[in-house]
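[1] Sequence first, predicted model second:
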Amino acid sequence: MRNELTILKIGGSVITDKSEGAYEKLKEAELKEVCRAISENWKNLILVHGAGSFGHPHVRKFGLSSLGASKVHLGCLRLSERFCSALTEFDVPAYPIHPFLAYTAKIVEKALRNGFLPVLHGDVVMNERIEVLSGDDIVVHLAEAFKAGRIGFATDVDGVYDLNGNVVEKLDRTLLEKMLAEIGENKGKEDVTGGMLRKLQRLYEMGHKCSAYVFRGSYENLKKFLQGEKVGTEVII
Ligand code: IP8
């Protein structure tokens, strides 16, 4: 049983093929499994998804000029549309929120209050200049704004690995610093918004403390996470 507000990010690699050369390639079966798990337990939940091969290759290809950003955003929009449509097929009232247009905690709160599942995604945004906004940053921002009880990152790996290749059960700041020192901070930047290490750094920079989990985005794991159980690596913030 889960009562506290939960934020779940579905990594782009869970629902899209991000392998070299892949472009806007959806993993249809995996997307269905993700939606099936969510449909069983989506109350008090905010959903965020990554851009996968609907956004990262576009940033590399088109850049972040206004025309480039427009093309990047439209790619992200296509994935959001596929994800939200799949959710509605499982009777989940998805409320798509596109950061390029507008995104505030107030909009998310209004959607929650009206019985929707808010669905946000990594996107391009207009700050001082046009920038890429990772879904990870959205998670951290919303976790602080809503004082979330738990957050989860569903990925294409079993959790955070130590230097011997084993999944770490509990990761605290001391262990992360040790890992960073040993492998160097530039490792793990396999896409335009940084990899696992950047994700963890964002979590440790967060002002709000709550439980966080990094795990493989399978149906079983998502179900466990959404039921309030431990799964994958528990990050002690
Ligand atoms: O996949 C990246 O979001 P992420 C957004 O959550 C773009 O890091 C536009 C590549």
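    Everything's here; your move.
[2] Output the worst-scoring helix or strand of the chain on mean pLDDT as PDB - backbone C-alpha positions only.
    The weakest-scoring helix or strand in the chain, judged by mean pLDDT, DSSP states H and E, is helix 173-183 (a mean of 83). The C-alpha coordinates for helix 173-183 follow below in PDB (Å, rounded to 0.1, in the frame of the first residue of the first chain):
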ATOM      1  CA  ARG A 173      26.900   9.900  -0.600                       C
ATOM      2  CA  THR A 174      30.200   8.400   0.700                       C
ATOM      3  CA  LEU A 175      30.000   5.500  -1.600                       C
ATOM      4  CA  LEU A 176      29.100   7.600  -4.600                       C
ATOM      5  CA  GLU A 177      32.000  10.000  -3.900                       C
ATOM      6  CA  LYS A 178      34.300   7.000  -3.700                       C
ATOM      7  CA  MET A 179      33.000   5.700  -7.100                       C
ATOM      8  CA  LEU A 180      33.300   9.100  -8.700                       C
ATOM      9  CA  ALA A 181      36.800   9.500  -7.500                       C
ATOM     10  CA  GLU A 182      37.800   6.100  -8.900                       C
ATOM     11  CA  ILE A 183      36.200   6.300 -12.300                       C
END
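[3] From the contact counts, what lies against it?
    Other elements packing on helix 173-183 under the criterion 3 or more Cβ pairs under 8 Å, 6 or more residues apart in numbering; DSSP states H and E are helix 196-205. Every C-beta, even on glycine, is put in place using the N, C-alpha and C of the backbone.
[4] buried residues in the helix it packs on?
    Neighbour counts using 16 or more other Cβ atoms under 10 Å place 196, 197, 198, 199, 200, 201, 202, 203 of helix 196-205 among the buried residues.
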